[in-house]
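[1] my questions are about this predicted structure, shown below with the sequence.
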Protein chains: 2
Amino acid sequence: MSGCSINVFVVIFSLHDDALRVLLAPGPGSGWELPGQPLEASESLEACALRAFQEQVNRREVYLEQLYTYGGPQQIPGGRLVSVVYFALIPADAHRLPGGALRWFRVDELPPLLHDHSGIILYALRRLRYKLEYSAVGFELLPSEFTLSELQHTYEVILGEKLDKRNFRRRILEAGIIEETNRRRMHGEGRPARLYRYRLDAVAEVKARRLFP
Amino acid sequence: MSGCSINVFVVIFSLHDDALRVLLAPGPGSGWELPGQPLEASESLEACALRAFQEQVNRREVYLEQLYTYGGPQQIPGGRLVSVVYFALIPADAHRLPGGALRWFRVDELPPLLHDHSGIILYALRRLRYKLEYSAVGFELLPSEFTLSELQHTYEVILGEKLDKRNFRRRILEAGIIEETNRRRMHGEGRPARLYRYRLDAVAEVKARRLFP
DNA sequence: AGAATAGTGTCTCTCAGACATTATTTG
DNA sequence: CAAATAATGTCTGAGAGACACTATTCT
């Protein structure tokens, strides 16, 4: 076998303080980089990606999808480097404060990044926005029960634009991917909002639309 | 560096004899498999993919896009195996008869395949059909000048359904991705058809929509 | 009562799909 | 002039986007 090494990186998105954020690790030199690690001998690519942020997340289930595999002809000491990049969405209520030196950055205020990681993040963001249009991926950033206003706000933050309240609700409800609960959220001020959850079969459908497998 | 090896496979589509076909190589045992080869030390993933079918194609420019990277935890003797899979489209007039033991198979009549290659082909086909809807990828299977009937026929073969002639022409022309030439195709019988070509800036646009980079 | 947020319906316009006839060439 | 293929336009229904007011809770 030729001397080669594979790194798995993850673009981890989450939503807090009214902004979409990415988790980054301090790089070896001055900049930052995506969290990642070398693929170990007997684990799958996906398992390796999960390791990259298991300490950041309380929940076991997260949305994880392969993004792209980079492998230019660059030589590194000891062999060549191939990077497999995933992207992940974790719900606002499920992540811990970053441990170690990791930090959350707003996607619109990224620090200087090593390698081509800023290009990769922009690509992941493009794909997230795109998927938001045709799949139900937005729910992956919310707790399991949420109000329609919260859901709309999630969409607005990711897309970077305001949406019409009535059209948004009509579209989401007609799509049949969420269902009412009997519960409501009281936040002290204003009329309490009904809580919704995504339907279990809708979750299955979203998984079926995943790129692969 | 850990002992690991990377193979690059390509799902190569082309259109002839009224059917969408895939190029396959005889496997080590009894079944067939996708053409592919180990990644060499100082080449990019894409260059390795191009090597896989450079002898099948006259033209230098082909449509090539990364599909997915597989890397289960399976052990193979001497290390683990990661497979990067691309998919390629080559125009009907640009491919040679397969050299060596390679053969073209209709996608609806695949032979027994090794590994999970039949699943990979089905996934590539799904993606091709999907891309046909929102990008101009269909032109990549035709010669540089073509009639609208030929283009429609290409779409029909890939999608596996008949399309309405007037709606098809309206949609394609309104999309502004092709332009008339002054030439016509005479085929001895019936009224000669005007030849079209895709617009150069449309080609650029399609490239911009490519997944990455 | 007032402040704050939740929730609801209509109209218009654009786009997609169904559909049949005329036009041009060859033998 | 018959056979073969190319080329063309209209109608209708569904879905997307613009738009403003009422309802419920808390202090």
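    Ah, there it is.
[2] how close does A:Ser135 sit to chain B?
    13 Å (C-beta to the nearest C-beta, to the nearest Å). C-beta here means a position set from N, CA and C on the backbone, and glycine is covered the same way.
[3] repeat that for A:Ile177.
    Applying C-beta to the nearest C-beta to A:Ile177 and chain B gives a distance of 20 Å.
[4] got the phi and psi for that residue?
    phi -100, psi -10 (degrees, to the nearest 10).
[5] report the beta-bridge partners for A:Arg194.
    Here A:Arg194 sits in beta bridges with A:Arg184, going by DSSP bridges.
[6] that one and chain B, how far apart?
    35 Å.
[7] again, but for A:Leu142
    Shown here: A:Leu142 relative to chain B, a distance of 27 Å by C-beta to the nearest C-beta.
[8] what values do phi and psi take at that residue?
    Torsion angles, degrees, to the nearest 10, at A:Leu142: phi -110, psi 160.
[9] kindly report the same for A:Leu173.
    phi -70, psi -40.
[10] low-confidence ranges, chain A, go.
    Chain A contains residues with pLDDT under 70 at A:1-3, A:74-80, A:202-213.
[11] what residues are up against the residue most central in space within it?
    With distances taken as C-alpha atoms, centre = their mean, the residue of chain A nearest its centroid is A:Leu89 (2.3 Å). Applying C-beta atoms under 8 Å, 6 or more residues apart in numbering or on different chains, we find A:Leu89 in contact with A:Phe13, A:Ser14, A:Val62, A:Tyr63, A:Leu128, A:Val137, A:Glu140, A:Leu141.
[12] surely the third one touches A:Tyr86?
    In this case it means A:Val62. No - A:Val62 sits out of contact with A:Tyr86 when judged by C-beta atoms under 8 Å, with a separation of 10.4 Å.
[13] could you check which of the two has the larger neighbour count?
    A:Tyr86 (24 against 19; other C-beta atoms under 10 Å in any protein chain shown).
[14] in what element of secondary structure is the more buried one found?
    strand A:79-89 (DSSP states H and E).
[15] the helix or strand following that strand: how far from the chain's middle?
    Using DSSP H and E, the helix or strand that follows strand A:79-89 in sequence is strand A:103-106. Computed by C-alpha atoms, centre = their mean, to the nearest Å, the separation of strand A:103-106 from the middle of its chain amounts to 13 Å.
[16] so which helix or strand takes in A:Glu150?
    Assigned by DSSP H and E, A:Glu150 belongs to helix A:148-159.
[17] which parts of that helix are buried?
    By neighbour count on 16 or more other C-beta atoms under 10 Å in any protein chain shown, the buried set for helix A:148-159 is A:Leu148, A:Glu150, A:Leu151, A:Gln152, A:His153, A:Thr154, A:Tyr155, A:Val157, A:Ile158.
[18] will you turn those into JSON lines that also has distance to B:His187?
    Putting the buried residues of helix A:148-159 into JSON lines (distance: C-beta to C-beta, whole Å) gives the following:
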{"residue": "A:Leu148", "distance to B:His187": "59"}
{"residue": "A:Glu150", "distance to B:His187": "61"}
{"residue": "A:Leu151", "distance to B:His187": "56"}
{"residue": "A:Gln152", "distance to B:His187": "56"}
{"residue": "A:His153", "distance to B:His187": "59"}
{"residue": "A:Thr154", "distance to B:His187": "56"}
{"residue": "A:Tyr155", "distance to B:His187": "52"}
{"residue": "A:Val157", "distance to B:His187": "56"}
{"residue": "A:Ile158", "distance to B:His187": "52"}
